[in-house]
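Q: I would like to see how this sequence folds:
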Amino acid sequence: KQGVRDFDPASVPGVRLDSDEILQAIRTRAARQTMVDAFLNTGHAYEQRNGMLTVQRTREYKSFGSSRDRDRNALLVMGENDDRWALYEGLRKLNRYPERSLSAVQEIFHEARVGVLDPGQKYESASGEIVAK
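A: Model prediction:
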C-alpha cells in the first residue's frame, strides 16, 4: 500500500515468499499502487471478493474521460490482476498448499486489501454487494 518496492521476503513469518516470480509481482504492484489508488478513488473500480480488481462498467464510466483513458484503466487493471494471480498461485505452489486452498489465499488477500482501502473506495461485500468503505 505504501509503494515500497524493496521487500524482504523473510519479513513475513510462516509463509515462503522467496521466489523470483513472487518478488517481481510484489515490486511491480508497489510501483503501480499510486495509480491503482487513484483509479479506486474515482469510484469506477472496486475490489472483488476473489481478490481481483475490476472496473465497474456503468453509464457514468462510459462517459468518464476519453476512450484512451479507459484503455489505460483497462491495462492498469489487467496488469494488477496478472500480478495478483502470480502472487496467489506462487504462494500456493511455493508453500505447497493444496490446490483447493487457492480460494482461501484469495479471500485472505481480499480481507487485507479491504482493510487498507481509503474511505470511499469500493469493494465487494460477503453478500456480493458493492459497497464503499
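Q: who does the lowest-mean-pLDDT helix or strand in the chain touch, helix- and strand-wise?
A: Least confident helix or strand, the chain: helix 59-62 with a mean of 92, by mean pLDDT, DSSP states H and E. Contacts defined by 3 or more C-beta pairs under 8 Å, 6 or more residues apart in numbering; DSSP states H and E place helix 59-62 against no helix or strand at all. C-beta here means a position set from N, CA and C on the backbone, and glycine is covered the same way.
Q: which parts of that helix are buried?
A: Within helix 59-62, the residues that count as buried by 16 or more other C-beta atoms under 10 Å are Tyr61.
Q: outside of that helix, which residues touch it?
A: By C-beta atoms under 8 Å, 6 or more residues apart in numbering, the residues outside helix 59-62 that reach it are His44, Val55, Arg70.
Q: Just the pLDDT for Phe64.
A: We have a pLDDT of 89 for Phe64.
Q: What residues does Leu40 make contact with?
A: So Leu40 contacts Tyr46, Glu47, Leu53, Leu117, Asp118, Gln121, Lys122 (C-beta under 8 Å, 6+ apart).
Q: distance of it from Lys122?
A: Leu40 is 7 Å from Lys122, where distance means C-beta to C-beta, to the nearest Å.
Q: now swap in Arg70 and tell me
A: 18 Å.
Q: So if I had to pick from these two, which one is more boxed in?
A: Taking other C-beta atoms under 10 Å, Arg70 and Lys122 do not tie; Lys122 has more neighbours (20 against 16).
Q: where along this structure do the strands fall?
A: 45-47, 53-55, 122-124, 130-132 (DSSP state E).
Q: ok, and which of these has the densest surroundings?
A: strand 45-47 (a mean of 21; mean count of other C-beta atoms under 10 Å).
Q: which one of the contacts of helix 59-62 is nearest Pro98?
A: Val55 (32.0 Å; C-beta to C-beta).
Q: Many thanks, I have nothing further to ask.
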